[in-house]
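Visitor: Need a 3D model of the sequence below.
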Amino acid sequence: MKTKSNIPINYQGSEAIGGIYIVHLSMTDINHIEIDNMGVHRDNYYAFFVLTKGSIKMECDTVEIEFDAVSIGFVRPFQVHSIKQISDDTEGYFISIAPFLIPNVCSDLFQNLEIKEQNRKIDKALIEDLQSNISLLHNTFNKKQPNKAQIINGLFNALIYNFANLFQSNIPPINLPKNQSRLISANFKKLINQNNFSENPAFFAKKLNISTSHLNDCVNSITGKSVTYWLQNAMILEAQRQLYYTENDVKEIAYHLGFEDHSYFSRLFKKLTNETPLTFRKKFRE
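Guide: Numbering: from 1, shown residues only. The predicted model follows:
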């Protein structure tokens, strides 16, 4: 049963190739986009914006962010955001990425940045190389050629690590004070990334020397989601990676993820993603 919400959710479209979509945008293109798609909404994917000209003002989870060329910004899956203002000379690239494609080390970085840290001015020394990488991905995306999905995925992997490096360098070298809930939530996320998602919430609470209820309260207050949600989310991401990158059948993948009953795994996968494991594999490999 779907949760009721008055905030629309945008899903990655069929034009994506293997969970990756890239488009070059200028104001000419943007003027053709319906305003509803730029109003308050959520996305079920990572959305990256690389601004080469102009400026954009947007609001993300009630925080205003401004991008000035040349810069990069991103929105995490299911953050509430909207475009407030776009300058007439705006130009750049929009890239949407299915969450399962983001390596854990990059995902951990992106998930733990403050909203104000989700945009980054690109140093002049790095602009040429980064634009070359993005242009190559964009050109490949629009070409007809053998092994296109595999080539796009390889170019994407290089690009996402370059993005991560840019945001990593934006983090101050000193440890900024953080409240207890944020620290507990961040440490919980690190434990999940060690592929312990098959454990129950009490396992993580014990690791962090706190009660299960306190762990859930902290995670909920910072992320708006429960501990169980994040465990299931981590499991689904790993399952999607296994389905995408390996030839293992569903039974083998279920066993690898800690499920004794592969049919239960398939039902849970469908419940959480609205598609079966095989449907997912077929869709992202077409």
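Visitor: Give me the number of neighbouring residues for the residue lying closest to G258 once chain neighbours are set aside.
Guide: Nearest residue to G258, sequence neighbours excluded (Cβ to Cβ, 6 or more residues apart in numbering): S198, at 3.6 Å. Glycine gets a C-beta too; all of them are placed from N, C-alpha and C. Neighbour count of S198, defined by other Cβ atoms under 10 Å: 13.
Visitor: for the stretch 51-200 of the chain, what spans make up the helices?
Guide: Ranges of helices in the stretch 51-200 of the chain, per DSSP state H, counting those that start in this stretch, are 104-112, 124-141, 148-168, 180-192.
Visitor: re the thing from before, right, and the residue nearest to G258 touches H256 too?
Guide: No. The criterion here is Cβ atoms under 8 Å, and S198 misses it with H256 at 10.3 Å.
Visitor: which intervals of the stretch 151-286 of the chain have sub-threshold pLDDT?
Guide: Across the stretch 151-286 of the chain, the ranges flagged by pLDDT under 70 are 169-178, 193-195, 285-286.
Visitor: separation between the residue nearest to A149 when sequence neighbours are not counted and H24?
Guide: Nearest residue to A149 in three dimensions, chain neighbours excluded: G18, at 4.3 Å (Cβ to Cβ, 6+ apart). Per Cβ to Cβ, to the nearest Å, G18 is found 19 Å from H24.
Visitor: likewise E117?
Guide: Distance from E117 to H24, by Cβ to Cβ: 26 Å.
Visitor: quick one: terminal-to-terminal distance for stretch 188-196?
Guide: 10 Å (Cα to Cα, to the nearest Å).
Visitor: What residues does the closest residue to I151 other than its chain neighbours make contact with?
Guide: Leaving out its chain neighbours, the residue that sits closest to I151 by Cβ to Cβ, 6+ apart is T140, at 5.6 Å. Going by Cβ atoms under 8 Å, 6 or more residues apart in numbering, T140 touches 148, 151-152, 155.
Visitor: how about 7 Å then?
Guide: By Cβ atoms under 7 Å, 6 or more residues apart in numbering, the contact list for T140 reads 151-152, 155.
Visitor: Return the member of those nearest to S135.
Guide: L155 (10.3 Å; Cβ to Cβ).
Visitor: If anything else comes up later, I'll come back, but that's it for now.
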